[in-house]
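Student: okay, predicted coordinates and the sequence, questions at the end:
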Amino acid sequence: MIGRNKEIAELQRVAKSKRSEFVIVYGRRRVGKTYLVNEVFGDSFSFYFTGGHKLSKKRQLANFAQALQMYSESPFLLSFKDWFEAFQQLTAYLKTASAGKHGKKIVFFDEMPWIDTPKSEFVAALENFWNAWAMQQKDILFIASGSATSWMSDKLMENQGGLHNRITSRIYLRPFNLQEVEEYLADAGCPWDRFQIVQCYMIFGGVPFYLSLLNPSWSLIQNIDELFFAPDGALRNEFSELYDALFTHADKYITIVKALFSKKEGMTRNEIIQHTGFQGSILTKMLSNLCKCDFLIEYSQFGKTKNRVIYRLADFYTLFYLRFIENDQSKDVNRWSHLTGNQIVSIWQGLTFELVCLVHLQQIKQSLGIAGVLTNASVWRGDGAQIDLVIDRNDRIVNLCEMKFSQEPYIISAEYANKLRTRTALFREATKCKKGLVVTFITTYGVLPGKNSGVVQSEVTMDALFE
């Protein structure tokens, strides 16, 4: 398995503990939650049940009964009128089941949010199962997983009822970083260099399932044509399925996402209200849910105490889909091949590389030698100027970061050098910042030395993002 060492160690720890454990594994759709649990515990499950998307309570209970019959090896197929009966029968079976090789009876409920249909009382029955019996044992490892991160948070982690403070371990699975993507592709036999891998990341992010669809014997361009622009491309229609699986009232979430897509530098809450009409607690909840699923990132605005937070769309697949797929009427199965080298793609790559950098902030800090320094990352909006990454350091230095995607060492012109000096002066004047200001370039291949390159005081290259 690529990466996930910390998560694997935690699952192994709870399997060996001296008490019953209630573990949740959560994260966005396609990130590998089920794969992780299956790889660690394999054929050691005492019971394994997967919720069905948009199935009725009756159908969910029937599927549960079939799973229970299979694991208990009973000749009889039971029928349950509600989830209380279902959990009562699960309890009866677990009392007689033997612990597996890990020393515990491992119970895995996958896609749990889908099980909780309206008025099903599933959560109440789960609370009763855990509090009345499972928690009192010493050999139960109960694992709940789900892509609907908002449901996992509301109904389990932040539960104010019978499950309050009952979760014993939380495992949040994030998409791969660049280093892990490089390792994954190498393991798959993909010969791409780091420049191509960064381009791959701009489209697929670090989502393992998307990466698993790549054909290592093809070029990146060929893969994109096949997965997105072929009539039956595996990712052409992923967008609606992705949001529909994650969120109730997915159309409202998509409205927010599309509003943020229209402004690459991000929006404040008030700007989102103006663009969508959503406000109050409803908007707060939706923004929180999108952040929990890694679809948005939020940054403070340097020097501001009110309306500080900037929300920015951060899901690479969504950004690519909305830019190149949603309104594509060309029916050109080689669309990406024909667009490559076009200015439209070059502009998109420049903007998306900024996001690649933002989600690899720790690697940037390490390259700058400040991994151990207390810092705050923010954005700055001034009069006609903007800096997308400001690293405010506790050692009285502020890095003003410029992120540039280029196929070769970046050349700084005299005009651009003057622009950088002017913007630095504007930042100093507008923020009254008394710390030292360091102009920092984050590029693919560095800045080409020349008479104007002296304006750059520190550099981070693409290779550093893979550390």
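Tutor: Arrived safely, thanks for sending. Numbering: from 1, shown residues only.

Student: so which residues of the stretch 1-150 of the chain form helices?
Tutor: 5-16, 33-41, 57-72, 83-96, 112-115, 122-132, 149-151 (DSSP state H, counting those that start in this stretch).

Student: for Ile370, find the nearest of these.
Tutor: Nearest of these to Ile370, taken as Cβ to Cβ: helix 5-16 at 23.3 Å. Backbone N, C-alpha and C define where each C-beta goes, glycine included.

Student: which helices and strands sit right next to that closest one?
Tutor: strand 21-26, helix 33-41, strand 169-172 (3 or more Cβ pairs under 8 Å, 6 or more residues apart in numbering; DSSP states H and E).

Student: helices or strands next to the helix or strand just after the shortest one in the packing?
Tutor: Spelled out, that is strand 169-172. Counting by DSSP states H and E, the next helix or strand C-terminal to strand 169-172 is helix 178-187. Counting contacts by 3+ Cβ pairs under 8 Å, 6+ apart, helix 178-187 packs against helix 194-204, helix 208-212.

Student: so what's the residue count around Ala134?
Tutor: Residue neighbour count, defined by other Cβ atoms under 10 Å, stands at 24 for Ala134.

Student: who's in contact with it?
Tutor: Residues near Ala134 by Cβ atoms under 8 Å, 6 or more residues apart in numbering: Ser20, Phe22, Thr91, Leu94, Ile140, Phe142.

Student: for the third one, which non-adjacent residue is closest in space?
Tutor: Yep, that's Thr91 we're talking about. Among residues not flanking Thr91 along the chain, Trp133 sits closest, at 5.2 Å (Cβ to Cβ, 6 or more residues apart in numbering).

Student: so the one you found is in contact with Tyr93, correct?
Tutor: No - counting by Cβ atoms under 8 Å, Trp133 stays clear of Tyr93, with 11.9 Å between them.

Student: excluding its backbone neighbours, what's nearest Glu226?
Tutor: Going by Cβ to Cβ, 6+ apart, Glu226 has Gly233 as its nearest residue, at 6.4 Å.

Student: could you measure from the one you found over to Phe239?
Tutor: 12 Å (Cβ to Cβ, to the nearest Å).

Student: for Val23, name its beta-bridge partners.
Tutor: Ile143, Ser169 (DSSP bridges).

Student: tell me how far it lies from Arg13.
Tutor: 10 Å.

Student: can you check Val356 too?
Tutor: Counting by Cβ to Cβ, the gap from Val356 to Arg13 is 33 Å.

Student: the more surrounded of the two?
Tutor: Using other Cβ under 10 Å as the criterion, Val356 and Arg13 rank with Val356 on top: 22 against 11.

Student: can you redo the helices and strands packed on helix 5-16 as JSON lines with mean neighbour count, mean pLDDT and distance to Gln457?
Tutor: JSON lines is the format used below for those (neighbours: other Cβ atoms under 10 Å; pLDDT from 0 to 100; distance: least, Cβ to Cβ, whole Å):
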{"stretch": "strand 21-26", "mean neighbour count": "23", "mean pLDDT": "96", "distance to Gln457": "41"}
{"stretch": "helix 33-41", "mean neighbour count": "18", "mean pLDDT": "96", "distance to Gln457": "42"}
{"stretch": "strand 169-172", "mean neighbour count": "17", "mean pLDDT": "95", "distance to Gln457": "36"}
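
Student: packing partners of the one helix or strand in the chain whose mean pLDDT sits lowest?
Tutor: The helix or strand of the chain with the poorest confidence is helix 149-151; it has a mean of 83 (mean pLDDT, DSSP states H and E). Applying 3+ Cβ pairs under 8 Å, 6+ apart, one finds that helix 149-151 contacts helix 280-292.

Student: list the buried residues in the helix it packs on.
Tutor: Within helix 280-292, the residues scored as buried using 16 or more other Cβ atoms under 10 Å are Leu283, Met286, Leu287, Ser288, Asn289, Leu290, Lys292.

Student: and stretch 14-22, by the same measure?
Tutor: In stretch 14-22, counting by 16+ other Cβ under 10 Å, buried: Val14, Ala15, Ser20, Glu21, Phe22.

Student: residues in contact with the second one?
Tutor: Just to be clear, that refers to Ala15. Glu21, Phe41, His102, Gly103, Lys104, Ile106, Leu141 are the contacts of Ala15 under Cβ under 8 Å, 6+ apart.

Student: same question, Asp244
Tutor: Ala250.

Student: can you say which helix or strand has it in it?
Tutor: helix 238-246.

Student: same check on Ile254?
Tutor: For Ile254, the host element (DSSP H and E) is helix 250-261.

Student: quick check: mean pLDDT of stretch 377-386?
Tutor: The pLDDT scores in stretch 377-386 average 90.

Student: give me the residues contacting that stretch.
Tutor: Applying Cβ under 8 Å, 6+ apart, the external contacts of stretch 377-386 come out as 265-266, 299-303, 310, 361, 387-392, 423, 426-427, 430-431.

Student: neighbours of Thr305, how many?
Tutor: Neighbours of Thr305 (other Cβ under 10 Å): 7.

Student: nearest residue to Ile297 in space, please, no chain neighbours.
Tutor: Using Cβ to Cβ, 6+ apart, the nearest residue to Ile297 is Ala314, at 4.4 Å.

Student: got the contact list for that neighbour?
Tutor: Asp294, Phe295, Leu296, Ile297, Leu355, Leu358, Val359.

Student: and what of Ala414?
Tutor: Contacts of Ala414 (Cβ under 8 Å, 6+ apart): Lys451, Asn452.

Student: give me the pLDDT value at it.
Tutor: The model's pLDDT for Ala414 equals 96.

Student: separation between it and Gly450?
Tutor: Distance of Ala414 to Gly450, computed by Cβ to Cβ: 10 Å.

Student: for the longest helix seen in the chain, buried residues please.
Tutor: Using DSSP state H, we find that the single longest helix of the chain is helix 414-431. Residues of helix 414-431 classed as buried: Ala417, Leu420, Arg423, Thr424, Leu426, Phe427, Thr431 (neighbour count, 16+ other Cβ under 10 Å).

Student: then stretch 96-114?
Tutor: 100, 102, 104-114.

Student: which single one of those residues is nearest to Phe129?
Tutor: Nearest to Phe129 out of the buried residues of stretch 96-114 is Val107 (Cβ to Cβ; 9.6 Å).

Student: pull the contacting residues for the closest one.
Tutor: Shown in contact with Val107 (Cβ under 8 Å, 6+ apart): Phe45, Ser46, Phe47, Tyr48, Leu90, Leu94, Ile140, Leu141, Phe142, Ile143.

Student: same thing but 10 Å
Tutor: Going by Cβ atoms under 10 Å, 6 or more residues apart in numbering, Val107 touches 22, 45-49, 71, 90, 94, 97, 129, 134, 140-144.

Student: likewise for Asn215?
Tutor: Ala188, Cys190, Gln222, Asn223, Glu226, Leu227.

Student: show me the residues you listed that map onto helices.
Tutor: Gln222, Asn223.
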